[in-house]
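A.B. asks: based on what follows, work out the 3D shape:
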Amino acid sequence: MKYHCIFYILFHVCFQVSFGQSLKEISKSPLKVDTFIGFDNYKNSYFIKNRVINKQGPDGNFLFNDLQLGRITSVDILNPLKVVVFFQDTNTVVFLDNKLSEIQRINFNNLPNFLNVSTATNAGSNSLWLFNVDTQQLELYNYGSKLQTVVSQPFPGKLISQASNFNYCFTLTERKLRAFNIYGSILNEVPSEGYEKIIQQNENLVALKENSLYYIPDFAKRNDAISHETVKLSLTEITIKDLQLTNDFLYIYDGEILHTFKLTIPTKE
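C.D. replies: Numbering: from 1, shown residues only. This is a model prediction of the structure:
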């Protein structure tokens with residue numbers, strides 16, 4: 001039993017060290033913006049400065065703003081051909097094309113079934129992941145057919161952060177971290193652990209807590225045999241203001257410098 005315990009401790013330490021070494025900073029560059037949004041799959045960068053959305057990169061340089069809609073709450077660049085911009089002040093979503101020209105807008109105040117939402121992110125297939133403030137429920141809204149589908153039971157506590165893609169939506173409240181699929185099934189649910197923000201890549205999450213980052217693998221997978229062990233990422237002292245995870249690159253903006261890390265997940269045998 002004694003040797004078994006020693007082996008377990010050594011294995012746990014080695015796993016933590018090897019994982020820490022898998023996060024390698026590959027570049028950093030000065031950046032003076034209000035909010036760093038991220039990079040799309042075509043290596044274009046997006047950020048907000050003076051309430052204006054900027055896109056810069058191989059596609060060119062483009063701008064979008066509509067000051068009458070209030071502050072920009074979130075920008076979803078999951079599909080760079082249909083960027084989703086949410087303005088909570090006016091309960092409105094604006095869709096932008098790859099040149100940041102407006103395609104369409106939805107004012108949820110004007111729908112036949114009024115919706116009061118605090119989040120709006122891309123779900124694909126002409127749909128959005130919405131959090132309904134009045135019912136405290138996650139919903140799918142198809143803006144083509146104008147149909148609402150309730151995905152979750154009412155959430156106790158405040159919604160702190162939401163991250164999504166075309167298959168899954170992850171929600172973080174004061175009490176729970178949850179994963180849902182587009183069919184309305186809850187895939188996973190655990191205590192929130194004091195996390196302040198979540199970002200996603202496929203089924204995996206990175207969570208922010210007290211300026212530290214935690215990797216949560218396969219959180220959207222139901223298989224009980226899959227390990228969802230949370231691992232703290234080994235990171236140099238960086239003040240984390242904004243962050244994004246895409247194509248195994250982790251981007252961290254500290255308010256002055258954009259840091260780019262290569263995230264290589266070690267294979268556990």
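
A.B. asks: grab the nearest non-local neighbour of L258.
C.D. replies: In this structure, L258 finds its nearest non-sequential neighbour in L31, 4.5 Å apart by C-beta to C-beta, 6 or more residues apart in numbering. Every residue, glycine included, has its C-beta placed from N, CA and C.

A.B. asks: now swap in L243 and tell me
C.D. replies: Here the residue nearest L243, using C-beta to C-beta, 6+ apart, is I252, at 5.0 Å.

A.B. asks: so how many other residues sit close to the one you found?
C.D. replies: Taking other C-beta atoms under 10 Å as the criterion, the count of residues near I252 is 23.

A.B. asks: cool, V117 as well?
C.D. replies: Applying other C-beta under 10 Å, we find 21 residues neighbouring V117.

A.B. asks: which residues does the closest residue to it other than its chain neighbours bridge with?
C.D. replies: In this structure, V117 finds its nearest non-sequential neighbour in L130, 4.6 Å apart by C-beta to C-beta, 6+ apart. L130 has these beta-bridge partners by DSSP bridges: A120, E139.

A.B. asks: which residues are in contact with the residue nearest to L258?
C.D. replies: L31 is in contact with F47, Y253, E256, I257, L258, counting by C-beta atoms under 8 Å, 6 or more residues apart in numbering.

A.B. asks: phi and psi next, for it.
C.D. replies: phi -150, psi 120 (degrees, to the nearest 10).

A.B. asks: any idea how far it lies from D59?
C.D. replies: From L31 across to D59, the span is 19 Å (C-beta to C-beta, to the nearest Å).

A.B. asks: what element comes up after the lowest-mean-pLDDT helix or strand in the chain heading to the C-terminus?
C.D. replies: When the helices and strands of the chain are scored by mean pLDDT, DSSP states H and E, helix 2-21 comes last with a mean of 37. Once the chain leaves helix 2-21, the next helix or strand it forms, by DSSP states H and E, is strand 23-30.

A.B. asks: ok, residues contacting the helix or strand just after that following strand?
C.D. replies: Using DSSP H and E, the helix or strand that follows strand 23-30 towards the C-terminus is strand 35-39. Residues outside strand 35-39 that contact it (C-beta under 8 Å, 6+ apart) are 45-48, 53, 57, 72, 75, 77, 241-242, 244, 246, 249, 251, 253, 258.
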